[in-house]
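# Predicted model, plus sequence, below.
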Amino acid sequence: MNDAITDSIPANLRQLRNDAGLSLSKAAEMTGVSKAMLGQIERGESSPTIATLWKIAQGFHLPLSALIEAPTPADASQGQGFKTVQFPGSIAVKIVFPFDPALGAETFRIHLVPGQCHQSQAHEAGMIEEVFVLEGQMDVLRDGEWVPLQTGEGLRFDADLPHGYRSGDSGAVFLNMHHYRRAIAR
C-alpha cells in the first residue's frame, strides 16, 4: 500500500476507536475482527485486507473512506488528488470523492488487472452500489449471476448482498459509487 495511506489507516482506526470510547475488546465485538488484529493494524504492524476494512467500517457504521482516506480539507468540491490504495493480493482503490454525509455517498476508482476477480461480502443493510466502466470490460456479480459490462456501461445493484467484480482479458477500470441508506456520522 502507499505509505501515506498505510499511515492513515492505523491513525484513523485508533482515532475512531478512541473517539467512540471503545476498548480493543469492544471494537473486536462490534466488528468481528479480532482484538489482536485490530491492535496490529493500529500499531501499523499489519496491512489489512479490503475485506477486513469493510468489516471494521460496518462495525463502526462508517463508510470505507473513513478508514483509508488521509485527512482532507472540508470542501472536497474544489478538486483534489487522492492516493491509490493497493490492497495486498486484491484490488487497487482510489478515493475520487470521500464520504459526504449530506449525500450519504462516496466514490472510488477501482483498477482490476487482466483476469482479476474480487468478490465482496454483503455490506450494510440498504446500501446500493453503482459501477460505471471507464476502461476495458468486466462482469459484475449481482444476485448470483455475472452481468457483462463494456466501456461506457453501468449497473446499479443492492450491495447488502454478496457481489463481485471480474475483469476481462485487458483488465478494467471503473467508478464504484456507494450510496448508504441512512446518514452515517463521520
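Happy to help now that I have it.

# Grab the most central residue of the chain for me.
By Cα atoms, centre = their mean, the mean C-alpha position of the chain lies nearest to Leu64, the distance being 4.3 Å.

# tell me the contacts of that residue?
Leu53, Trp54, Ala57, Phe99, Glu106, Phe108, His178 (Cβ atoms under 8 Å, 6 or more residues apart in numbering). Backbone N, C-alpha and C define where each C-beta goes, glycine included.

# Please indicate which of those are buried?
Leu53, Trp54, Ala57, Phe99, Glu106, Phe108, His178 (16 or more other Cβ atoms under 10 Å).

# which secondary structure elements does the longest strand belonging to the chain contact?
Ranked by residue count and defined by DSSP state E, the top strand of the chain is strand 163-179. When contacts are defined as 3 or more Cβ pairs under 8 Å, 6 or more residues apart in numbering; DSSP states H and E, strand 163-179 packs onto strand 105-112, strand 117-120, strand 128-142.

# List the buried residues of the longest one.
The one in question is strand 128-142. 128-133, 136-142.

# repeat for the second one
Along strand 117-120, these residues count as buried under the neighbour rule (16+ other Cβ under 10 Å): His118, Ser120.

# Can you list the strands that it pairs with?
Strand 117-120 has its sheet partners listed here by DSSP bridges as strand 163-179 (antiparallel).

# At which residues are the helices of this structure located?
Here the chain has its helices, by DSSP state H, at 3-19, 24-31, 35-42, 50-60, 65-68.

# Of all the residues in the lowest-mean-pLDDT helix or strand in the chain, which ones are buried?
When the helices and strands of the chain are compared on mean pLDDT, DSSP states H and E, helix 3-19 comes out lowest with a mean of 76. For helix 3-19, a neighbour-count test (16+ other Cβ under 10 Å) marks Ile5, Ser8, Ile9, Pro10, Asn12, Leu13, Arg14, Leu16, Arg17 as buried.

# any idea which of those is closest to Gly168?
Ile5 (27.6 Å; Cβ to Cβ).

# wouldn't Ile41 be in contact with Ile9 here?
Yes: using Cβ atoms under 8 Å, Ile41 is in contact with Ile9, at 6.6 Å.

# quick one: common contacting residues for the two?
Common contact partners of Ile41 and Ile9 (Cβ under 8 Å, 6+ apart): Pro48.

# Show me how far the least confident helix or strand of the chain is from its chain's centre.
Offset of helix 3-19 from its chain centre (Cα atoms, centre = their mean, to the nearest Å): 15 Å.

# Just the CA atoms of stretch 39-59, as CSV, please.
What follows is stretch 39-59, C-alpha atoms only, in CSV (Å, rounded to 0.1, in the frame of the first residue of the first chain):
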residue,chain,number,x,y,z
GLY,A,39,-4.1,-3.9,17.7
GLN,A,40,-1.7,-4.9,14.9
ILE,A,41,-3.5,-2.6,12.5
GLU,A,42,-3.5,0.4,14.9
ARG,A,43,0.3,-0.1,15.6
GLY,A,44,1.0,-0.4,11.8
GLU,A,45,2.2,-3.9,12.2
SER,A,46,-0.3,-5.4,9.8
SER,A,47,-1.7,-4.2,6.4
PRO,A,48,-5.4,-5.1,6.5
THR,A,49,-7.2,-6.6,3.5
ILE,A,50,-10.1,-4.7,2.0
ALA,A,51,-12.4,-7.4,3.4
THR,A,52,-11.1,-6.6,6.9
LEU,A,53,-11.5,-2.9,6.4
TRP,A,54,-15.1,-3.4,5.3
LYS,A,55,-15.8,-5.4,8.5
ILE,A,56,-14.3,-2.6,10.6
ALA,A,57,-16.3,0.1,8.7
GLN,A,58,-19.5,-1.9,9.1
GLY,A,59,-18.9,-2.5,12.8
